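Undergrad: Just a sequence and a predicted model for now, questions to come.
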Amino acid sequence: MMPKKKILVTGGAGYIGSHACVELLQAGYDIVVADNLSNSKTESLARVQQITGKNLKFYQADIRDKAALDEIFDQNPIDTVIHFAGLKAVGESCSKPHLYYHNNVYGTLVLTEAMQAAGVKRLVFSSSATVYGESDTPQYAEDFPLGAINPYGRSKAMIEDILRDLSAADHINQDPSPWKIALLRYFNPIGAHASGLIGEDPNGIPNNLMPYISQVAVGKLAQLSVFGNDYPTPDGTGIRDYIHVVDLVKGHIKAIETLDSDAFGPGGCKAYNLGTGRGYSVLEMIQAFERVTGKAINYQIVGRRAGDLAECFANPKRALQELGWQAEKNLDDMVADTWNWQSKNPQGYGSLM
Ligand code: NAD
Ligand code: WQD
């Protein structure tokens with residue numbers, strides 16, 4: 001068997017990144033993590049090593065720091081980068097747009113510059129379903145028009161543009177070793193590793209539905225606000241495509257393998273939806289949580305949240321056909337694993353570093 005490749009995981013200490021580290025190590029990859037710990041703790045990486053019984057190399061580094069990245073590429077024969085590092089709070093991006101464009105867009109410019117200088121031109125990027133614009137149908141395919149509506153979403157759309165342009169330039173320049181880039185558009189990642197050792201640990205009051213519900217269940221928050229019950233959906237509440245984080249990160253391993261394969265072609269930049277293809281409403285999520293955990297969720301209906309769509313779920317066909325990936329876990333798995341993590345770690349990683 002060929003030795004497995006060395007992967008640089010930016011943002012590897014975060015929620016999705018830490019789950020990716022587990023799957024990568026278990027699949028036999030060597031990994032180097034670069035994270036500035038702005039929204040995470042090294043405890044997550046200690047637990048990754050506990051789960052897998054394997055070591056990883058960690059750099060506390062900011063992706064905007066070119067010298068730090070150059071050093072990482074100098075010291076490690078990196079083959080592919082999985083780029084999770086980024087800020088992700090929609091509301092905060094509206095009040096601090098400069099921070100989001102600087103961190104996410106400028107950060108990716110610096111990262112790709114360092115990659116190019118080191119001759120590393122395989123990249124798997126964390127994009128988001130939030131890059132899609134308005135559509136007549138709620139099931140989004142990769143060729144639907146783009147049109148993000150907030151600075152966070154626009155930062156992802158701008159990065160996608162930059163990466164497509166880098167790839168197009170290779171064609172113009174007839175570069176003999178062109179970029180190979182997978183843009184993975186996540187729908188709504190939830191859940192946690194089955195061990196309950198790693199999971200989502202939001203700072204302050206959660207913005208997203210699932211961490212909010214689980215913090216109500218564990219008694220940290222008093223009541224969930226359901227944002228609107230007058231949408232044109234069967235029960236009036238918003239519908240989303242929730243995907244188990246472990247399924248999601250497995251899609252990244254399939255993407256690395258696909259970039260390596262002849263099927264991807266000599267180079268290119270391509271987007272893939274990572275979702276289940278099935279949506280659930282907010283009320284369905286509450287009911288599933290109550291059924292699976294036996295915990296009652298206190299909630300009230302309030303007005304709609306600005307910027308929310310009624311319904312959004314993935315057309316996941318391209319990922320199945322071209323990456324050979326599809327989600328395997330169901331809603332009960334997502335809820336049970338969220339609760340396993342939350343109940344074992346009511347304060348998340350708490351005061352651990
Ligand atoms: P997260 O905040 O848990 O993880 C992001 C990690 O990146 C953190 O560990 C943070 O410290 C690090 N980071 C941020 N800026 C950095 C910088 N300049 N240099 C180095 N490290 C930096 O978030 P997550 O949920 O794991 O999301 C990972 C990626 O997936 C993000 O790019 C996010 O935008 C994207 N995404 C997330 C979701 C979601 O719902 N969680 C959905 C779609 C896309
Ligand atoms: C889901 C549903 C809410 C909280 C966001 C980002 C998106 C992506 C994923 C990164 C909606 C309702 C929520 C609450 C509620 N992140 N809700 N009460 O908005 O689909 O996507 O996270 O890329 O960019 O926008 O996810 O979990 O916030 O909301 O009723 O307290 O739950 O209205 O219908 P969303 P969400």
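TA: Yep, it's here. Everything quoted here is computed from the prediction, not taken from an experiment. Ligands and ions are numbered 1, 2, ... in the order given.
Undergrad: For the residue in the chain positioned nearest to ligand 1, grab phi and psi.
TA: At 2.0 Å from ligand 1, G14 is the closest residue in the chain, using C-beta to the nearest ligand atom. For every residue, glycine as well, the C-beta is placed using N, CA and C. Torsion angles at G14 (phi, psi; degrees, to the nearest 10) stand at phi -80, psi -170.
Undergrad: so what pLDDT did the nearest residue to it once chain neighbours are set aside get?
TA: Among residues not flanking G14 along the chain, S40 sits closest, at 4.7 Å (C-beta to C-beta, 6 or more residues apart in numbering). For S40, the model assigns a pLDDT of 97.
Undergrad: SS state for S40?
TA: coil (DSSP: H, G, I helix; E, B strand; the rest coil).
Undergrad: tell me the contacts of the residue in the stretch 151-300 of the chain positioned nearest to ligand 2?
TA: Ligand 2 sits closest to G238 of the stretch 151-300 of the chain, with a gap of 2.4 Å, by C-beta to the nearest ligand atom. Neighbouring residues of G238 by C-beta atoms under 8 Å, 6 or more residues apart in numbering: F227, G228, Y231, S281, V282, D308, L309, A310, E311.
Undergrad: how close does the last one sit to ligand 2?
TA: In this structure, E311 lies at 9 Å from ligand 2, with C-beta to the nearest ligand atom, to the nearest Å as the measure.
Undergrad: That residue: how many residues sit nearby?
TA: Counted with other C-beta atoms under 10 Å, the neighbours of E311 add up to 18.
Undergrad: hmm, stretch 74-84 touching ligand 1?
TA: Yes - applying C-beta under 6 Å from any ligand atom, one finds stretch 74-84 in contact with ligand 1 at F84.
Undergrad: Show me which residues of that stretch are buried.
TA: Counting neighbours by 16 or more other C-beta atoms under 10 Å, one finds that the buried residues in stretch 74-84 are N76, I78, D79, T80, V81, I82, H83, F84.
Undergrad: Next, give phi and psi for P211.
TA: phi -60, psi -30.
Undergrad: Test my guess that it contacts G199.
TA: No - P211 is not in contact with G199 according to C-beta atoms under 8 Å; the separation is 9.0 Å.
Undergrad: Between those two, which has more neighbouring residues?
TA: G199 (28 against 22).
Undergrad: contacting residues for that one?
TA: So G199 contacts Y15, A192, H193, D337, T338, W341, Q342, N345, G348 (C-beta under 8 Å, 6+ apart).
Undergrad: ok, of the residues you listed, which one's closest to A157?
TA: Y15 (21.7 Å; C-beta to C-beta).
Undergrad: Test my guess that the closest one contacts E200.
TA: Yes - contact criterion C-beta under 8 Å: Y15 and E200 qualify, at 4.4 Å.
Undergrad: what is in contact with those two at once?
TA: Residues touching both Y15 and E200 (C-beta under 8 Å, 6+ apart) are V245.
Undergrad: Just list whatever residues bridge to K6.
TA: Applying DSSP bridges to K6 gives these bridge partners: D30.
Undergrad: what's the distance between stretch 278-297 and the middle of its chain?
TA: 22 Å (C-alpha atoms, centre = their mean, to the nearest Å).
Undergrad: Same check on stretch 250-267?
TA: On C-alpha atoms, centre = their mean, the centre of stretch 250-267 falls 18 Å from that of its chain.
Undergrad: re the thing from before, looking at the residue of the chain closest to ligand 1 now. What's its pLDDT?
TA: Model confidence at G14, expressed as pLDDT, equals 98.
Undergrad: for the stretch 151-300 of the chain, what spans make up the helices?
TA: Along the stretch 151-300 of the chain, the stretches classed as helices by DSSP state H, counting those that start in this stretch are 151-172, 209-217, 245-260, 282-293.
Undergrad: will you turn those helices into a markdown table that also has distance to Q50 and mean pLDDT?
TA: As requested, those are exported to a markdown table (distance: least, C-beta to C-beta, whole Å; pLDDT from 0 to 100):
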| stretch | distance to Q50 | mean pLDDT |
| --- | --- | --- |
| helix 151-172 | 32 | 97 |
| helix 209-217 | 22 | 96 |
| helix 245-260 | 17 | 98 |
| helix 282-293 | 25 | 97 |
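Undergrad: Turn the ones you listed into JSON lines, columns for distance to ligand 2.
TA: JSON lines is the format used below for those (distance: least, C-beta to the nearest ligand atom, whole Å):
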{"stretch": "helix 151-172", "distance to ligand 2": "6"}
{"stretch": "helix 209-217", "distance to ligand 2": "4"}
{"stretch": "helix 245-260", "distance to ligand 2": "12"}
{"stretch": "helix 282-293", "distance to ligand 2": "5"}
